[in-house]
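*Asks:* below are the sequence and a predicted model for it; my questions follow.
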Amino acid sequence: MSNQNIIESFFYRSLENQVNEKMLDDYSYNIPLLMLRKYIRSILDISFEEYLYFIISWDYPQITTEDMTQSSSFSAAEIEMCSVFIENNNPGYSFVEIGRLFPQYCKSQTEYSLRKYGENQIKTSKQLGLTFQYYSSWYLSCFGYIYVELNQTDRAAFIARSILRDSFYGSIVRDLLSNDAILNDYLNGLSLSTIKRRAPGILRILKFAINAAKSENITLHQISRVSPG
């Protein structure tokens, strides 16, 4: 398979959707870990520059408030989310149930707090390419099973590539290929105080792509954290 075909299948989520559907259909399904390891290795072996070239013509959906990351703990949305889902055999969770998985972070145990915390973290996990939703339940993606096996360098490389598939992060990175950007412009509908609160988490995730570009001597334009106002 050519690099172009691999990138296209990654963006269309062809393989992961097939495996995820089989996981849902059969609880005893043996996840094809060897195949997934090889597939993710092929994704990581393609230069980041080729992904950047690909997204120039990728048709991203319009950004909505649902895409605007609100995450208080990156680790909880990333490696800890994968680990706790695997430990519990990935049964499918509601927002409230996800909140209960992280008592070390979600100190308040009210249903509202649990739901809000669970929603924020799991939606961030989805943007990272690690989880997916089926009706009202959330599951670890088949990629999440391989993610926990990767070293830190490969995890960063995976996230840098995976967030390009997300309409929010992908749109920002594509714009940074040619122009400076202001984060506010991608957070329409949010108050300035909300933007300031969410900005650190958003920029932390965005930095994976920025660092991946830098590692290949590709300089992206600047993104301002928050404009005056």
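*Replies:* Arrived safely, thanks for sending. Everything quoted here is computed from the prediction, not taken from an experiment.

*Asks:* where in this structure is pLDDT low?
*Replies:* Low-confidence segments of the chain (pLDDT under 70): 226-229.

*Asks:* longest single helix anywhere in it?
*Replies:* In the chain, with assignment by DSSP state H, the single longest helix is helix 192-215.

*Asks:* contacts for the following helix or strand past it, please.
*Replies:* Counting by DSSP states H and E, the element after helix 192-215 in chain order, helix or strand, is strand 223-224. Strand 223-224 is contacted from outside by 172, 176, 180-183, 203, 206, using C-beta atoms under 8 Å, 6 or more residues apart in numbering. Placement of C-beta: from N, CA and C, glycine included.

*Asks:* report the separation between Ser224 and Glu21.
*Replies:* To Glu21, Ser224 is 41 Å away according to C-beta to C-beta, to the nearest Å.

*Asks:* returning to that earlier point: which of the contacts of strand 223-224 lies closest to Ile79?
*Replies:* In terms of C-beta to C-beta, no member of the contacts of strand 223-224 lies closer to Ile79 than Leu206, at 18.6 Å.

*Asks:* pretty sure that closest one sits against Ser171.
*Replies:* No - under the criterion of C-beta atoms under 8 Å, Leu206 makes no contact with Ser171, lying 11.1 Å away.

*Asks:* chain neighbours aside, what residue packs nearest to Val173?
*Replies:* Ala209 (4.9 Å; C-beta to C-beta, 6 or more residues apart in numbering).

*Asks:* I figured the one you found was touching Phe168, is that so?
*Replies:* No - the criterion here is C-beta under 8 Å, and Ala209 misses it with Phe168 at 11.8 Å.

*Asks:* neighbour count for the two, which is higher?
*Replies:* Counted by other C-beta atoms under 10 Å, Ala209 and Phe168 do not tie: Ala209 has more neighbours, with 25 against 22.

*Asks:* thinking again about what came up before, quick check: buried residues in the longest helix of the chain?
*Replies:* 195, 198-199, 201-202, 205-206, 208-210, 212-213 (16 or more other C-beta atoms under 10 Å).

*Asks:* and the contacts of the helix or strand Ile146 falls within?
*Replies:* Using DSSP H and E, Ile146 maps to helix 142-147. Contacting residues not belonging to helix 142-147 are listed as 16, 19-20, 23, 31, 33, 36-37, 40, 79, 81-82, 85-86, 129-131, 155, 158, 162 [C-beta under 8 Å, 6+ apart].

*Asks:* with stretch 123-136 instead?
*Replies:* Stretch 123-136 is contacted by residues 20, 24, 66-67, 69-71, 74, 77-78, 81-82, 85, 92, 94, 122, 138-141, 143-144, 147, 158-159, 162-163, 165-166, 168-169, 201, 205 when judged by C-beta under 8 Å, 6+ apart.
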